[in-house]
Structures are given as C-alpha cells and as structure tokens.
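Chemist: Provided below for reference: sequence and predicted model.
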Amino acid sequence: MAINKDKTKAMVVARDNKQIDIRLGNLRIQQVTEFKYLGTITDSNGKLDREINASISAAAGVYMSLKNGFINKREVSRKTKLAVYKSIYLPTLLYGSETWKLSEKQKSKIQAAEMKFLRRIAGKTLLDKIRNETIRQELNVNSAIRIIEQSQLRWFGHLNRMGENRQVKKVWEARGTGKRRVGRPRADWNGTISRILVRNNTSWQQASVRCRDRTEWKSFIRDIK
C-alpha cells in the first residue's frame with residue numbers, strides 16, 4: 001500500500017493538547033485539530049460542535065437553493081415538498097447522526113433547522129405561534145431527534161450482531177486504562193443509548209438480546225417514544 005504523504009494527517013483525540021511526532025521517512029506528518037473523512041468531522045477534543053454546525057450549514061445551503069424556486073411555489077404540492085424534505089434535506093442535516101451524542105443545546109439547533117423547512121412547507125411562520133409538534137402532526141412527519149434516535153438504535157443492533165473479530169466492535173467494546181480524572185465524566189454514546197432504552201422501559205441487557213432478532217428489533221425501533 002502506498003501512502004500519500006501530502007494527504008496524510010495526524011491527530012490526537014484528548015482533553016489536553018498533546019504533540020506527537022509521526023514520520024514517513026524523513027517527512028513529519030502534520031498534526032491537526034480536526035479531520036474530515038467521508039463527510040464527517042472528527043475533532044481533537046472529542047466534541048461534536050463542529051460536526052453539528054457543519055451539518056446544519058450544509059442543510060441551510062440545500063434550503064436556500066430550493067427556497068424561491070421550489071419551496072415557495074404554490075403550484076408545487078405539499079406531498080412533493082415533503083418528498084424532497086425527506087429525501088434530500090433531512091439526510092443532509094442528519095448525515096452521520098448514528099454516532100452522535102447530543103447535548104440539549106445541539107438538539108435545539110437541529111430542531112430549529114428542521115422546523116425552518118417544515119414551517120415553510122406548512123405555510124406558517126414563528127409569528128403564527130404554532131407548536132412544532134402541531135406542525136409535524138399536520139404534515140405527518142417524525143421529529144428529527146426521533147429519527148436520530150431510531151438510527152442510533154439501528155446502529156446499536158448492528159454493533160451487537162457483529163462478529164467478535166470485527167475491528168469496529170473491538171473499538172466499541174474497548175475500555176480505557178489508567179486513573180480517571182476527578183469530576184463528572186463526559187457523556188458518551190453508550191449513555192445516549194441507555195437513556196433511550198430506559199425511556200422505553202428496556203434495559204441494556206434486554207436490548208442486547210432483542211436486537212438479535214431483526215424483525216423484533218425493527219418493531220421496537222419503530223415504536224420508540
């Protein structure tokens with residue numbers, strides 16, 4: 001395998017700014033604080049702010065390109081607008097969300113981006129003071145946060161069904177060594193999954209067994225609260 005020296009970067013994901021020295025021959029690989037791979041951004045501090053902001057910005061670009069020539073056109077049916085929302089806008093906004101661990105602030109930002117498009121489809125504005133859930137019910141769509149949680153549970157099931165020799169599963173099941181820092185630990189993806197399961201009256205152990213049956217697991221995901 002030939003490594004492209006110019007495109008290769010090095011990054012340490014840690015709370016502290018650690019410097020490393022990795023070389024290819026005599027060339028020192030550039031160390032970066034963020035790296036974009038397959039459309040997702042990994043930040044050296046392990047946080048998702050840049051990734052979320054990039055997704056929202058990409059969705060905003062889609063919205064602006066469709067606004068005047070499509071979304072605002074009365075002759076375009078609501079059904080067609082919703083089809084575009086589900087097939088283009090929402091996948092852009094939620095790309096890579098299977099692995100997100102969202103704070104309440106980040107959820108709020110995603111919801112704002114979601115409702116901007118849906119309110120336009122419904123012909124409503126914030127001045128109408130209509131609740132988000134009412135608009136979703138009128139358009140018969142699930143919230144973006146619910147869709148994210150459903151995709152996260154699908155990924156959870158996929159991880160559990162993986163063979164033990166799969167590298168992805170090994171990384172997921174790996175545990176850090178050494179002494180943990182004093183203070184509250186950062187929220188992680190497993191904690192996100194646990195909260196979704198508890199809210200739906202299911203334990204981690206129960207879910208790990210149920211997800212082995214794909215049909216049952218799909219039914220569980222479809223009906224989550």
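Modeler: Sure, I can see it.
Chemist: Quick one: the strands in the protein, in order.
Modeler: For the chain, the strands defined by DSSP state E cover 9-10, 23-24, 27-28, 30-31, 34-37, 40-43.
Chemist: Against Lys36, how distant is the residue nearest the centre of the chain?
Modeler: The residue lying closest to the centre of the chain (CA atoms, centre = their mean) is Ser97, at 1.5 Å. Applying CB to CB, to the nearest Å, the value for Ser97 to Lys36 is 16 Å. (C-beta placed from N, C-alpha, C; glycine too.)
Chemist: which residue sits closest to Thr42, ignoring its sequence neighbours?
Modeler: Phe35 (5.2 Å; CB to CB, 6 or more residues apart in numbering).
Chemist: Same check on Gln152?
Modeler: Excluding its sequence neighbours, the residue lying closest to Gln152 (CB to CB, 6+ apart) is Glu98, at 5.6 Å.
Chemist: who's in contact with Ile147?
Modeler: Ile147 makes contact with Leu90, Leu94, Ser97 under the criterion CB atoms under 8 Å, 6 or more residues apart in numbering.
Chemist: And the second one, what's its pLDDT?
Modeler: Leu94 is assigned a pLDDT of 97 by the prediction.
Chemist: next one: phi and psi at it?
Modeler: Dihedral angles of Leu94 (phi, psi; degrees, to the nearest 10) stand at phi -110, psi 20.
Chemist: Quick check, pLDDT for Asp188.
Modeler: 88.
Chemist: ignore the last one, Val32
Modeler: Note for Val32: predicted pLDDT of 90.
Chemist: likewise Arg180?
Modeler: Arg180 is given a pLDDT of 71.
Chemist: Counting neighbours, what do you get for it?
Modeler: Arg180 has 7 neighbours, counted by other CB atoms under 10 Å.
Chemist: thinking Leu93 is in contact with Ala112, fair?
Modeler: No - in this structure Leu93 lies outside contact range of Ala112 using CB atoms under 8 Å: 10.8 Å.
Chemist: now the helices for this protein?
Modeler: 49-66, 78-84, 90-93, 104-122, 132-139, 144-161, 167-173, 189-199, 204-210, 214-222 (DSSP state H).
Chemist: Return the set of buried residues in the second one.
Modeler: By 16 or more other CB atoms under 10 Å, the buried positions in helix 78-84 come out as Lys81, Leu82, Val84.
Chemist: Could you report the separation of Arg10 from Asp43?
Modeler: Careful, residue 10 is Ala; it's not Arg. Taking CB to CB, one finds Ala10 at 14 Å from Asp43.
Chemist: same question but for Gln152, I mixed them up
Modeler: Distance from Gln152 to Asp43, counting by CB to CB: 19 Å.
Chemist: who's more crowded, those two?
Modeler: Neighbours were counted for Gln152 and for Asp43 using other CB under 10 Å; Gln152 has more, 21 against 15.
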